[in-house]
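*Asks:* Okay, here's the prediction I keep looking at, along with the sequence it came from:
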Amino acid sequence: MNSKKLKKGLLKMGTFIVLCFISPVVVFQAFKNQDHPFFWVVLLVGIALCITAIVYGFWAIRTLLNGLLGEKKTNSS
């Protein structure tokens, strides 16, 4: 078990959880204020945050697994 990678993975998982709560709120606020001139900007930021949350979640799980189980070994022929 690699404790440095495990700590990095837990930190990334915390960031992922925060993004999972913030991004839907931003998208909801964008749809709530559709007549505002910055509607498209806020909507695009919210969608970008949602995509970032998904990618960061996969990245966090990968880092956690590498920290717990070790790096994946490949056979070089």
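*Replies:* Here it is on my side, so go on. Numbering: from 1, shown residues only.

*Asks:* May I ask which helix or strand encompasses residue 56?
*Replies:* helix 39-69 (DSSP states H and E).

*Asks:* Which strands or helices does that helix pack on?
*Replies:* helix 3-32 (3 or more C-beta pairs under 8 Å, 6 or more residues apart in numbering; DSSP states H and E). For glycine as for every other residue, the C-beta is placed from the backbone atoms N, C-alpha and C.

*Asks:* for residue 6, what are its contacts?
*Replies:* Residue 6 makes contact with 64, 67-68, according to C-beta atoms under 8 Å, 6 or more residues apart in numbering.

*Asks:* swap that for residue 19, sorry
*Replies:* 49, 52-53, 56.

*Asks:* By neighbours, which of the contacts of residue 6 wins?
*Replies:* When neighbours are counted by other C-beta atoms under 10 Å, residue 67 leads the contacts of residue 6 with 19 neighbours.

*Asks:* separation between that residue and residue 61?
*Replies:* 11 Å (C-beta to C-beta, to the nearest Å).

*Asks:* shared neighbours of these two, anything?
*Replies:* Common neighbours of residue 67 and residue 61 (C-beta under 8 Å, 6+ apart) are residue 9.

*Asks:* what number of residues lie near the closest residue in space to residue 60 that isn't next to it in sequence?
*Replies:* Nearest residue to residue 60, sequence neighbours excluded (C-beta to C-beta, 6 or more residues apart in numbering): residue 12, at 3.7 Å. Applying other C-beta under 10 Å, we find 18 residues neighbouring residue 12.

*Asks:* Do you know the pLDDT at residue 12?
*Replies:* If you check residue 12, the pLDDT there is 88.

*Asks:* what ranges of the chain fall below the confidence cut-off?
*Replies:* 76-77 (pLDDT under 70).

*Asks:* Who are the contact partners of the nearest residue to residue 63 once chain neighbours are set aside?
*Replies:* Spatial nearest neighbour of residue 63, excluding adjacent residues (C-beta to C-beta, 6+ apart): residue 9 at 3.8 Å. Counting by C-beta under 8 Å, 6+ apart, residue 9 touches 60-61, 63-67.
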